[in-house]
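> pasting the sequence and the predicted model now:
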Amino acid sequence: MNGNGVKITAEVISLRIPADPRFLRVARMAASSVGSLVGLALDDLEDLKIGVGEVVTSLLELGNGNELTLEFQLVDLGVELFAYVELDGPSEIDEERAALGLQILDVVADEHQFSLDTGRAAIWFRRSVDTLADVDES
């Protein structure tokens, strides 16, 4: 159940966006809306939006102009994002930029994974309700 006592089934919301950084805002707004559905607190929503921003930016750099697909999955106590871009050939990774992106996801995501093969670059991450914030420390 989420923080509002509503049990969430594994529903998926798909979003395809053009390979244009101007659409980053659309992806972040969608993330915020999806996170609200599962009861994420404001800090958790902000982490989710930061994570989505990092994922979209990273995939835009690798995609060479190809559109991105984002699939938000509502899961009990959180949101999972699977995002990918189809590749037209080998993509070069800026190692410093990739390391920074992974550090950001380390902070804002509960779990994350990056994969790159000959035809697709993909990033998955999960952001859950911060149950520690609900613990009374008195």
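The structure has been received and is ready for your questions. Numbers count the residues shown, from 1 in each chain.
> pLDDT on the strand or helix carrying residue 74, on average?
Assigned by DSSP states H and E, residue 74 belongs to strand 68-75. The average pLDDT within strand 68-75 is 94.
> so in that sheet, which strands flank that strand, and in what orientation?
Counting by DSSP bridges, the strands paired with strand 68-75 are strand 12-17 (antiparallel), strand 78-86 (antiparallel).
> compare the ones you listed and give me the one nearest residue 98.
With CB to CB as the criterion, residue 98 lies closest to strand 78-86 of these, at 14.5 Å. Just so you know, the C-beta spots here come from the backbone N, C-alpha and C atoms, and that holds for glycine as well.
> any low-confidence regions in the chain?
Scanning the chain for pLDDT under 70 picks out 1-10, 131-138.
> mind listing what the residue positioned nearest the centre of it touches?
Nearest to the mean C-alpha position of the chain, by CA atoms, centre = their mean, lies residue 52 at 3.8 Å. If a contact means CB atoms under 8 Å, 6 or more residues apart in numbering, then residue 52 has 27-28, 30-31, 70, 81, 83 as its contacts.
> turn the residues you listed into TSV, columns for neighbour count and distance to residue 113.
Compiled in TSV, the contacts of residue 52 are given as follows (neighbours: other CB atoms under 10 Å; distance: CB to CB, whole Å):
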residue	neighbour count	distance to residue 113
27	22	19
28	19	21
30	19	21
31	28	18
70	23	15
81	26	11
83	22	11
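> got these as CSV, with distance to residue 13 columns?
CSV is the format used below for these (distance: CB to CB, whole Å):
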residue, distance to residue 13
27, 11
28, 14
30, 7
31, 10
70, 8
81, 10
83, 12
